[in-house]
Every structure is written in C-alpha cells, then in structure tokens.
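Visitor: Structure for this input, please:
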Amino acid sequence: MSFRVLLAQLFGGKKSPVCAYTLAGPGGQEASPLARQALAAARSAGRPSFSQILLFFCYAAALLGRLWLAAQPPVNSTDLMRYVGFGREFWHYGLKIYNYTPADFGSAPYAELWPHLQFIYPALALLFFAALAALYPCLFLPRLVLTGMELANSALVSRLSGNKWLGLAFFLSPVSIWWTSREGQYEAVVAFCTLLGLLLLRRKSAWAHGWLGLAIQAKYWPAALLPYFLSAARNFRALACLTISFLPSLAFALKSQYVFHILGNPAMAGNCNPYFWNPADSSKTCGTPPWHLAVNAFATYAMLAVLVGRAWVARREPWKLWRYIGAVAFLAYYKSVSWATAWYMPMCFVFALPVDEPLVLWAMLALSAMEPMAWAGLLGHPIGWVNTQPPAAFVFGIIGR
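Guide: Numbers count the residues shown, from 1 in each chain. Alright, predicted model coming up:
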C-alpha cells in the first residue's frame, strides 16, 4: 500500500481505489449502511480529536515555558543550592551526612547557606539529590527532572480523577510552575510517590503502601494518608511493603543523628507561617503584608470548608470519611506549625484526590493555585524574600568545592 493511499485511509479526502473497493459489496453492489459506518469508524480511529490536539499544544506550551524557567536562576529561595550541595557531599560523607552542616563543606558555594543547619528532610529527598549530583551537580538538572516528574504527576492526576483536563490544570497551576520549575522545590517527588501509591491502592496492589512509605521519606506529610491506606490494607503483604520501604531511613538512622534532624531540629525553630489560623497574629506571620495574609486565609479556610462540608454530607457512610482525613489533617498541620512556606500548597490538592468528587477536586486545585508569590514571580515582580544575587553561574555550571 502506498503512503498516499495510507494517508487517504487515515485522514479521508478523495477516495482511494482501496477505499472504493472496501465500500463495495459482492458483485460490486453498494455496501450496507452498517458496513459504511464500520469503515468510517476504522478510518477515523487513528485521527486525533480536537480535544487531543488542544491538550497536546497546551502541554507543549506549558512544558516549553517551564523549561525556560528552569534555565533561569532561582530568586525566591536558596534551598536548591543547599539540596544539590548536600547531595554532592553525600558521596564524601556517606550515611553520616546528617551529622554535618554546610560549615563543614569547606569553600563550596553552598557552605555559606544556613551554615549551621543540617539536612532536615528525610532519606528519599537526600538520595534523590545525591543521584542528580552524581550525574551533574548544577541547578538546571534537578529542575529539569522535577518538571518531568510534574508532567508524570499530571498524567497520574488524569488517571486517578478520570479527567484529562484536571491533569492539564494541575500542570498549568502557577504554584506548581513557579515553585517546581523555577525555584526547584521538590514537592513533585512527594506528589509522585503519593499519586502512584493512590493509583496502586485503587488497583488493590500491596505495593501502594510501599510507595506511601517512600513519599513519607521525601517529606513526612503523606503520613496524613496512613489511616486511609491502612483502612484499605487487605493482607500482611501491604504492611510488609510499607515496612520494607523504610529501609533507607533505617540505614541513615543507624549511622547518624538522622531522626533528631528530621523531627524537630531546634535550628529551624521560629515563627513564620503566613497561613496561620489567626492571620492577625503578627507574632506568627513574619511581616507578611495584610493583603497576602487575606488571600492565604481565604484559600485555606475555603479548602477546609469544602472538605468538612462534603465529609458532613457523607457522615452516614462512615467508610467514606477516610477519604477526607488526609487532606483535612494536612491543612490543619499547615495552619498550625510555626514554620510553613508557599510551596506546600500543591499538596493540598494531592491529598484531596482520594475524595474522588469532581467539584471538590476542581475547587481544591483552584484554591491551591491562589498562592500570591507564585503569581507575582510569573508576572515578573517577585515578592517575599528575593535573592539580590541569584546564582546564575551555577544554573549550568558545576557546584562544588
């Protein structure tokens, strides 16, 4: 079959001899209407629909924009430089890395950033950045990988919700675009492990609990979903997978002060939570402008209202209440801790995915996208703490001693 005939069959247009032949019945008689419909369906099966084309171009445009941001230096945080630095030093200090601070790293450019603060995040986070630092220790590669993971997360959101547009909206969320692709915050890793765990849980796989364990070892917030996962545990294998997933943490705990530094390091004590329950309490909100506090309060209280309201409606079916626990618990934690930041916001939506109600999910995603710092950064006017000397030299240059 020629390429011209193949195109004619796939995309229509002038009928080819092959098409004319297949439309004719025995003896050259006209085929039945049913046969014509079947052939038309076969011919259009490989033709992308308008919605598929639109999705492709939206994802492509968003991906190009994210990659451009990933090629710029971070401006709202120095965290990525620290993460890459600890990842590189892991190959020197090994499992004892949690005993050391940047002040121990000599003349490295990351040695001056929070010089007396150990790495405060769990094992998977450190291993993630150690792997990237082994490949090429710069600021672009982690953000490239995190952007790719956020693309995978949007596919998982589409699969879990059954709505491809919700997945696209997640990928287009300003809070995800700015804090992941520009600033290099690694919530995409936490979200990936959590979302994959939720998908496997829906398929009744014991490995779901293992992925939740890994998520907890990226940042411990997904522990809020433990009641939901354990309520669905059907056999010993699920608990075994959950236990085995904590081997990375066990390895660090046996060799360093791991548990102490990830659970309440006093060096991080402080009062800076612009999402605190009482936005008028200036002792908790570290000088955040009133308008900013008002937006944060509206978004988080509205999310709580949506979740608690739907949980109240579902109170006559107790087994459904487990779906709401993770998101409500995370929001309560978010508004209670002494130190909280803007890039936690996407996880409010991720923890709400077990609810599986379209209106609730759209509301949670829209409210989480209201984060002001991300919008300001994308509009070219970063607010909050802004680095006056962004580390442009290390976007593609090697970070090391």
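
Visitor: Export stretch 147-159 to PDB, keeping only CA atoms.
Guide: Only the C-alpha atoms of stretch 147-159 are listed here, as PDB (Å, rounded to 0.1, in the frame of the first residue of the first chain):
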ATOM      1  CA  THR A 147       9.500  19.300  35.700                       C
ATOM      2  CA  GLY A 148       9.400  15.900  34.100                       C
ATOM      3  CA  MET A 149       8.100  14.400  37.300                       C
ATOM      4  CA  GLU A 150       5.400  17.100  37.400                       C
ATOM      5  CA  LEU A 151       4.400  16.100  33.900                       C
ATOM      6  CA  ALA A 152       4.100  12.500  35.100                       C
ATOM      7  CA  ASN A 153       2.100  13.700  38.100                       C
ATOM      8  CA  SER A 154      -0.400  15.400  35.800                       C
ATOM      9  CA  ALA A 155      -0.900  12.100  33.900                       C
ATOM     10  CA  LEU A 156      -1.500  10.400  37.300                       C
ATOM     11  CA  VAL A 157      -4.000  13.100  38.300                       C
ATOM     12  CA  SER A 158      -5.800  12.500  35.000                       C
ATOM     13  CA  ARG A 159      -5.900   8.700  35.600                       C
END
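
Visitor: mind listing what's buried in it?
Guide: The neighbour-count check on stretch 147-159 (16 or more other Cβ atoms under 10 Å) flags T147, M149, E150, L151, N153, S154, L156, V157, S158 as buried. Yep, even glycine has a C-beta here, placed from its N, CA and C like the rest.

Visitor: dump the residue contacts of E371.
Guide: Contact analysis of E371 by Cβ atoms under 8 Å, 6 or more residues apart in numbering lists P174, V175, N296, A299, A342, M345.

Visitor: Not counting its neighbours along the chain, what's nearest it?
Guide: Leaving aside its sequence neighbours, E371 sits nearest to V175 (Cβ to Cβ, 6 or more residues apart in numbering; 4.3 Å).

Visitor: thinking again about what came up before, looking at the buried residues of stretch 147-159, which is nearest V189?
Guide: M149 (6.4 Å; Cβ to Cβ).

Visitor: Quick one: mean pLDDT over the helix or strand hosting L198.
Guide: In the assignment (DSSP states H and E), L198 maps to helix 187-202. Across helix 187-202, pLDDT averages out at 97.

Visitor: again, but for stretch 215-235
Guide: On average, the pLDDT along stretch 215-235 is 93.

Visitor: Begin at 13, not 1, for the rest of this chat.
Guide: Fine by me, first position is 13 from now on; the one you just mentioned is stretch 227-247.

Visitor: So which bits of it are buried?
Guide: By 16+ other Cβ under 10 Å, the buried positions in stretch 227-247 come out as 227-231, 233-238, 240-241, 244-245.

Visitor: before we move on, what about stretch 172-189?
Guide: 172-173, 176, 178-189.

Visitor: and the contacts of E383, which two are the farthest apart?
Guide: Going by Cβ to Cβ, the pair spanning these furthest: P186 and N308, at 14.6 Å.

Visitor: what's the helix or strand containing G77 packed up against?
Guide: Element membership of G77, judged by DSSP H and E, is helix 62-82. Here helix 62-82 touches helix 152-173, helix 176-184, going by 3 or more Cβ pairs under 8 Å, 6 or more residues apart in numbering; DSSP states H and E.

Visitor: Which one, of these, ends up nearest to R322?
Guide: Closest among these, once you apply Cβ to Cβ, is helix 152-173, at 15.3 Å.

Visitor: Helix 176-184 and the closest one, what's the angle between them?
Guide: Angle between the axes of helix 152-173 and helix 176-184 is 160 degrees (criterion: axes from the mean of the first three to the mean of the last three Cα atoms, to 10 degrees).

Visitor: contacting residues around helix 152-173?
Guide: Outside helix 152-173, the residues within contact range by Cβ under 8 Å, 6+ apart are 71, 75, 78-79, 81-83, 92, 95-96, 141, 144, 147, 176, 178-180, 182-183, 188, 192-194, 196, 198, 200-201, 203-204, 207-208, 210-211, 214, 365, 368, 370, 373, 407-408.

Visitor: what stretches of the stretch 13-162 of the chain score poorly on pLDDT?
Guide: 13-58 (pLDDT under 70).

Visitor: quick one: the helices in it?
Guide: 15-23, 29-35, 45-56, 62-82, 91-105, 135-147, 152-173 (DSSP state H, counting those that start in this stretch).

Visitor: closest one to W387 among these?
Guide: helix 62-82 (13.8 Å).

Visitor: Please list the residues outside that closest one that contact it.
Guide: For helix 62-82, the external contacting residues (Cβ under 8 Å, 6+ apart) are 60, 152, 155-156, 159, 162-163, 166, 176-177, 180, 183-184, 189-190, 192-194.

Visitor: Do me a favour and get the end-to-end distance for stretch 171-189?
Guide: 21 Å (Cα to Cα, to the nearest Å).

Visitor: next one: it to chain centre, how far?
Guide: Stretch 171-189 sits 10 Å away from the centroid of its parent chain (Cα atoms, centre = their mean, to the nearest Å).

Visitor: Repeat that for stretch 108-124.
Guide: Offset of stretch 108-124 from its chain centre (Cα atoms, centre = their mean): 28 Å.

Visitor: Can you point out the buried residues in that stretch?
Guide: I109, Y110, N111, Y112, T113, P114, D116, F117, A120, P121, Y122, A123.
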